[in-house]
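Trainee: A predicted structure for the sequence below; I have some questions about it.
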Amino acid sequence: MTADSAPVAEPGALPAATPLDRTRARRAALAGGVGTVIEYYDYSLYGFLAATIAPLFFPNSDPTAAMMSALLLFATGFLLRPFGGLIFGQIGDRYGRKRALLATLLTMGLASTAVGLVPTYESLGVWATALLVVFRGIQGVSAGGELGGSMTFIAESTHPGKRGAYGAASTIGIMVGFASAGAVVGLFSWLLPTAQFASWGWRVPFLLTLPLCLFCLWLRNRSEETLTQSEHPRIWTALRGLLAEDTRALTLATFASIAVNGTSYIGLGYLSVHLIKVLELPPTAVYWIAVVAILSSGGAAYVAGRCADRFGLMRVTLIGMVAFAALAIPAFALMTSGHLAAVLVAYTALMCAATVAAAPVLAAVPLLFLPQHRYTGTALAWNQGAVTAGASTPVIAFWLVDRLSSPIAPAAVCLLAAALGIVITFPIRRHLERRNHA
């Protein structure tokens, strides 16, 4: 076992020498992973449907301007995620991880259902766009508390020697959530005539959210709480403690999030738009290509987690980032051929490399923080990175294509994010080593 996957000896944490109950760890991974599936199914629907939603809520004589408006609204959801991280992080650090995770799930379910019911611009005018912005913002607040909580909950429930494998549940949950959204959108796009899908069919995937959330609420409620502290410090006191005691952890986790979100959201938030709007491929085919690629990357996340337990978390992340950088330009060049098989290969290769890099990071980030503000620190740092990179990646990539008139231009974003990811693995590994031997 390497230093960056070794047991962490910290006050307030479960003793590293005590084997944790396997049933508890599996239940936590299932509750965290399945909850993340639902959260990111809800959250990613907008990305898959951006091309359909754009003319319904952002009418404009210039299709590029309408599409940019829709992508900027996708970014708006990210801008509110740090606030969600603070709100739900404080709930999780003061009153329990499970209570916060139940709240994030319920909030996302209600907001997504509301998106499926909001009238279009044609019937309600500018108020329709305003309502869409509000509900998208609520989705962002909810997502801001979800992933950091899931990462923390799983890390605290799992034996130190298995954190890579079980920690991959969060990454797998994200990928399955995105893939499920793509599959549902692709199914209804295939079943319905184009006019009906654009008129009302796009709403159905959003409306399916509520029953899925109710099932996941039941599943999550069966898991065991991991918070062992009884004190409830005020929010500003807790934040001062976080900034004073874990400044380095907050900085490292934020840069790690920028790298992971920058590489991941090329596939999760941009490529479907690129293939439909730039390369003019059939939307239904693109949705199913995305489903296959993203599901494949979920399998890659599990393999990466298992390898991380054996060889070290940051070693596996380093390999994934190098592979992503090496694939970026060839993958975008291959997509320009327009052949669906080639597009599938390129999309899958990029997503698998990004996920191999991401899975160990999601397992490692909670370990950077002290237990008393682990949920808040993880959620705040991760969402700061998501705002910086996840929100901007699709917009910048689309803008580069428009400005440079090159379908390979988004590879520049890939290379920049991967370079940061390669650099940040080294200080994270050193910090984990110091924390392990504290």
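Mentor: Received, thanks. Numbers count the residues shown, from 1 in each chain.

Trainee: and the residue nearest the centre of the chain, what is it in contact with?
Mentor: With distances taken as Cα atoms, centre = their mean, residue 174 lies nearest the centre of the chain, 5.5 Å away. Residues near residue 174 by Cβ atoms under 8 Å, 6 or more residues apart in numbering: 36, 37, 40, 147, 264, 268. Glycine gets a C-beta too; all of them are placed from N, C-alpha and C.

Trainee: which strand or helix spans it?
Mentor: Using DSSP states H and E, residue 174 sits within helix 163-191.

Trainee: and if you look at residue 108?
Mentor: Using DSSP H and E, residue 108 falls in helix 97-117.

Trainee: list the buried residues of that helix.
Mentor: Buried residues in helix 97-117, counted by 16 or more other Cβ atoms under 10 Å: 97-98, 100-116.

Trainee: and the top helix by length along the chain, how far out from the chain middle?
Mentor: Taking DSSP state H as the criterion, the chain has its longest helix at helix 22-57. For helix 22-57, the separation from the chain centroid amounts to 8 Å (computed by Cα atoms, centre = their mean, to the nearest Å).

Trainee: in that helix, what's buried?
Mentor: Applying 16+ other Cβ under 10 Å to helix 22-57 flags 25, 27-57 as buried.

Trainee: again, but for stretch 314-333
Mentor: So stretch 314-333, judged by 16+ other Cβ under 10 Å, has buried residues 314-321, 323-325, 327-328, 331-332.

Trainee: now residue 343, nearest residue through space, not along the chain?
Mentor: If you skip the residues right next to it in sequence, residue 343 has residue 335 as its closest partner in space, 5.1 Å away by Cβ to Cβ, 6 or more residues apart in numbering.

Trainee: I figured that neighbour hits residue 347, correct?
Mentor: Yes - with contact defined as Cβ atoms under 8 Å, residue 335 counts as touching residue 347 (7.4 Å).

Trainee: pLDDT weak spots in the stretch 101-250 of the chain?
Mentor: Applying pLDDT under 70 to the stretch 101-250 of the chain picks out residues 225-238.

Trainee: hmm, try it at 90
Mentor: For the stretch 101-250 of the chain, residues meeting the criterion pLDDT under 90 lie at 101-112, 115-116, 120-199, 202, 206, 208-246.

Trainee: can you give me the helices for the stretch 151-300 of the chain?
Mentor: For the stretch 151-300 of the chain, applying DSSP state H, counting those that start in this stretch gives helices covering 163-191, 194-196, 203-207, 209-221, 235-245, 247-265, 271-273, 283-311.

Trainee: in a markdown table: those, plus distance to residue 432.
Mentor: A markdown table is the format used below for the helices of the stretch 151-300 of the chain (distance: least, Cβ to Cβ, whole Å):
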| stretch | distance to residue 432 |
| --- | --- |
| helix 163-191 | 11 |
| helix 194-196 | 51 |
| helix 203-207 | 39 |
| helix 209-221 | 28 |
| helix 235-245 | 16 |
| helix 247-265 | 9 |
| helix 271-273 | 32 |
| helix 283-311 | 12 |
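
Trainee: so what does the helix or strand where residue 90 lies touch, helix or strand wise?
Mentor: Assigned by DSSP H and E, residue 90 belongs to helix 81-95. Applying 3 or more Cβ pairs under 8 Å, 6 or more residues apart in numbering; DSSP states H and E, one finds that helix 81-95 contacts helix 97-117, helix 126-157, helix 235-245, helix 374-385.
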